[in-house]
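[1] test case, fold it:
(one chain, ligands or ions: 1)
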Amino acid sequence: MIMKISDLNSENNNVSLKLKVLSVDKREIKSEEKSKIYYYGLVGDETGVIPFTAWEFPDVIKSGDVIEVKYAHLKEYRGKFRLYFDSRTEIMVKPGENIEIKNTYKDLKIKDLNPVTPFVTVSGKVTNVTKRENDKTGTIYSGYIEDDTGRVRFSSFGVPLENNRFYRIEGARVSMYSNRIEITVSNKSVVKEIESDMNLERNYKIFDIKNPVGGINIMGFIITLGEKSGIIKRCSVCNKTISLNVCPDHPDAGINLDIFAYFTIDDGTGFVRATAGKDAILPLININENEIARKASIIYNEMYKKLYGHAFKFTGNFIKKDDELDFQVIKANSITDDEIKIEMVEMENELS
Ligand SMILES: [Zn+2]
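    Below you'll find the model as predicted:
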């Protein structure tokens, strides 16, 4: 009798299955007298995916092929099942056939999302939802999803997600979009509303951040301040930075003044390049937006005095640029040197 992968629940030496080969690799074991080749990989059917090891395996079979297997062995190791094919196992290729595979998705925290694992399960709180209609794809919901480790943008094609609710999303797709991690939800994803009391105050050490996710707090010292930090000019129409007094695309448009700073933050575990705009910088230098033009000549000096060498708690987003992580500061609050010294001492204790 042909079984399904979801039926496999106890060790069995006589398993028959129809499977799609998802991956196959071979490895050679060398001992003193002789060497032996074995094969391993993943197979799946409409109900799941399972790993296999084969001591005998037809060399012509490659990933994507559908096979029928008789007299396979099912063994359990550390709570996980694996199929074994040996000389007693019959394997027949089924040319021209296909099986729609049911994927099982790894449960990941948001800070661990990486396009290397393109389909995952994530759980978190949805915020900042906006809705738009598209003739081809129907309603698209976009916003943020956050958990106790980070925040990323999402786009949901046809599946409604509502503000301030918690969801578990199986089969979300992970991709990189303008230097950030983003997830996509579609009607192939399984979305369930859940109860949660997760803590969304995400305090990190720079060392712990490996992927470009947002909504992260770090505490550290500003150890360099870029000398071109200060006032920048933007086109009042397209908001692009302009170097001369005129936008090449909108020569008649006005000019808005903005503030830009780039610096390095060090928290004792590592350092990161950071950028900040006027919303983060102006409160720190006690200048308001209307005073930018009038106080232009002192802005860099004020920034140098108030930022360089001082400690802050920063909130912002990590982005990936040229294979390195940069930090975009949204908000910075002064903290005293003592507060951060205490942090660093605690950290040293943890490490020792
Ligand atoms: Zn412009």
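[2] who in this structure is up against the ion?
    C235, V237, C238, C247, D249, H250 (Cβ under 5 Å from the ion). For the C-beta atoms, the positions are set from N, CA and C on the backbone; glycine is no exception.
[3] the fifth one: what secondary structure?
    Following DSSP: H, G, I helix; E, B strand; the rest coil, we place D249 in the coil state.
[4] count of residues packed around it?
    D249 is flanked by 11 other residues according to other Cβ atoms under 10 Å.
[5] before we move on, the earlier item: highest neighbour count among the residues of the chain next to the ion?
    Of the residues of the chain next to the ion, with other Cβ under 10 Å as the count, C247 tops at 21 neighbours.
[6] if we can go back for a sec, let me know the closest of the residues of the chain next to the ion to E97.
    Closest approach to E97 among the residues of the chain next to the ion (Cβ to Cβ): C238, at 54.3 Å.
[7] what sits against that closest one?
    By Cβ atoms under 8 Å, 6 or more residues apart in numbering, the residues touching C238 are C247, D249, H250, A253.
[8] G143 too?
    Here G143 is in contact with V126, T127, N128, V129, T130, R153, F154, L161, N163 (Cβ under 8 Å, 6+ apart).
[9] which of the residues you listed are buried, as a ChimeraX select command?
    The buried residues among the contacts of G143 can be selected in ChimeraX (16 or more other Cβ atoms under 10 Å) with this line:
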select :126,127,129,153,154,161
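[10] mind putting the contacts of C238 into a markdown table with pLDDT and distance to S178?
    Putting the contacts of C238 into a markdown table (pLDDT from 0 to 100; distance: Cβ to Cβ, whole Å) gives the following:
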| residue | pLDDT | distance to S178 |
| --- | --- | --- |
| C247 | 92 | 22 |
| D249 | 92 | 20 |
| H250 | 92 | 23 |
| A253 | 91 | 24 |
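[11] residue in the stretch 251-352 of the chain nearest to the ion?
    Across the stretch 251-352 of the chain, no residue is closer to the ion than A253, which sits at 5.5 Å (Cβ to the ion).
[12] that residue - how many residues pack around it?
    With other Cβ under 10 Å as criterion, A253 counts 15.
[13] quick one: secondary structure of the closest residue to it other than its chain neighbours?
    What sits nearest to A253 in space, not counting adjacent residues and going by Cβ to Cβ, 6 or more residues apart in numbering, is V237, at 4.2 Å. At V237, secondary structure determined by three-state DSSP is coil.
[14] re earlier: of all the contacts of C238, which comes closest to I299?
    Taking Cβ to Cβ as the measure, C247 is the one of these closest to I299, at 22.3 Å.
[15] next one: the nearest residue to K205 once chain neighbours are set aside from F207, what distance?
    Once flanking residues are discounted, K205 sits nearest to T269: 4.2 Å by Cβ to Cβ, 6+ apart. For T269, the distance to F207 equals 4 Å [Cβ to Cβ, to the nearest Å].
[16] pretty sure the residue of the stretch 251-352 of the chain closest to the ion is in a helix, no?
    No: looking at A253 with three-state DSSP, it is coil, so not inside a helix.
[17] numbering from 886 from now on, please.
    Got it, the first residue is 886 from now on, which makes the last one we talked about A1138.
[18] wait, it sits on C1120?
    Yes: taking contacts as Cβ atoms under 8 Å, A1138 lies within contact range of C1120: 5.2 Å.
[19] which residues are common contacts for those two?
    Applying Cβ under 8 Å, 6+ apart, one finds that A1138 and C1120 are jointly contacted by C1132.
[20] low pLDDT regions in the chain?
    963-964, 1227-1237 (pLDDT under 70).
[21] would you map out the domains in it?
    Per automatic domain parsing, the domain ranges recorded for the chain read 887-978, 991-1079, 1088-1231.
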